[in-house]
Structure formats: C-alpha cells, structure tokens
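1. Return atomic coordinates for the entry below.
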Amino acid sequence: MIRRFMAGFMAGRYGGDQLNLLLTALYMVLYVVFLFTRMLVFEVLVLILVVVSLYRALSRDVARRRAENARFLQFVRPVARRWNTFRARTQDREHRYFKCPNCGQHMRVPRGKGRITVHCRSCGAVFEEKS
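-> Residues are numbered from 1 along each chain as shown. Below is the predicted model of the structure:
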C-alpha cells in the first residue's frame, strides 16, 4: 500500500542521481561536524543542502535536473578516472608503469625482468627501461 502510494507520488518526478548522492553525503558530513561544533554556519549549510537535495529529487523539471547532473558528471568524471587509475596502479604489484620519453604514452612492463628494451606502440620509439 505504501509502495503504491510512493510510486504514484514519485511518478513524473526526477528522483535521485549522482549529484543528489554527493549532496546527501556532504549533508551527513556537515551534520556530524555541526554536532561536534554547534556552530550556526554548519547548521545553515546542512539545512540548505537538505532543501536543495529534496528540491532536486521532487522536481518535475526532469530535463533541467538531467542537465545539472550532466554538468556535474562532466566535471567529476576526469577526476574520478584519474583517481581510479592511480589506485589501480598502486595496487598492481606485478607491473611497473612509465611514460614514453618521446610521446608521453603510458605503458606498463612486468616487474623483475631487469633492464628491457621497450617499443612504443604510438610513436615507434625504442628505449631501455628498468622493470
């Protein structure tokens, strides 16, 4: 019964997306900070974040909310991609990563092979690298 009511209520509304998820996470962090500091600034910021997040989730202007989320993702995706690449490379113990000195192409070689001759697939440069 409640599920049917909520489905009817949310019909035609935007709902949640990545930007709303970030706003909610930021709200939770600032609320914890507010609980420890009891500063009015954090209380106001928490209230603003809750109102904006609810407004976005309950909005019927789906096109505008999608455009906002697309702009947000356009900013966040390169940062997230770099972070994921960095994390994967630091956890990879079987390979060593480096750049081609000629064109800057990223490459990887197996660890523990000593000095090896590497051929860049992009520019064709040949150079030695320690693995």
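2. what's the single longest helix in the chain?
-> Longest helix in the chain by number of residues, with DSSP state H as the criterion: helix 62-91.
3. what distance separates whichever helix or strand comes after that one from the centre of its chain?
-> Remark: after helix 62-91, the chain's next helix or strand is strand 95-99, criterion DSSP states H and E. Here the centre of strand 95-99 is set off from its chain's centre by 24 Å, with Cα atoms, centre = their mean, to the nearest Å.
4. got the buried residues for strand 95-99?
-> R96 (16 or more other Cβ atoms under 10 Å). No exception for glycine: its C-beta is placed from N, CA and C like everyone else's.
5. Can you pull out the residues in contact with that strand?
-> For strand 95-99, the surrounding residues in contact (Cβ atoms under 8 Å, 6 or more residues apart in numbering) are R89, Q105, H106, M107, R108, V109, P110, R111, E129, K130, S131.
6. now the residue nearest in space to the middle of the chain: how far from R87?
-> The residue lying closest to the centre of the chain (Cα atoms, centre = their mean) is A80, at 3.9 Å. Distance from A80 to R87, counting by Cβ to Cβ, to the nearest Å: 10 Å.
7. about what we covered before: if you look at the contacts of strand 95-99, which of them are in strands?
-> Among those, the members falling in strands (DSSP state E) are H106, M107, R108, V109, P110, E129, K130.
8. In JSON lines: those, plus distance to A7 and neighbour count.
-> Shown next, in JSON lines, are the ones in strands among the contacts of strand 95-99 (distance: Cβ to Cβ, whole Å; neighbours: other Cβ atoms under 10 Å):
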{"residue": "H106", "distance to A7": "47", "neighbour count": "11"}
{"residue": "M107", "distance to A7": "51", "neighbour count": "16"}
{"residue": "R108", "distance to A7": "49", "neighbour count": "13"}
{"residue": "V109", "distance to A7": "54", "neighbour count": "15"}
{"residue": "P110", "distance to A7": "54", "neighbour count": "10"}
{"residue": "E129", "distance to A7": "59", "neighbour count": "15"}
{"residue": "K130", "distance to A7": "61", "neighbour count": "10"}
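9. Right, I'll leave it there.
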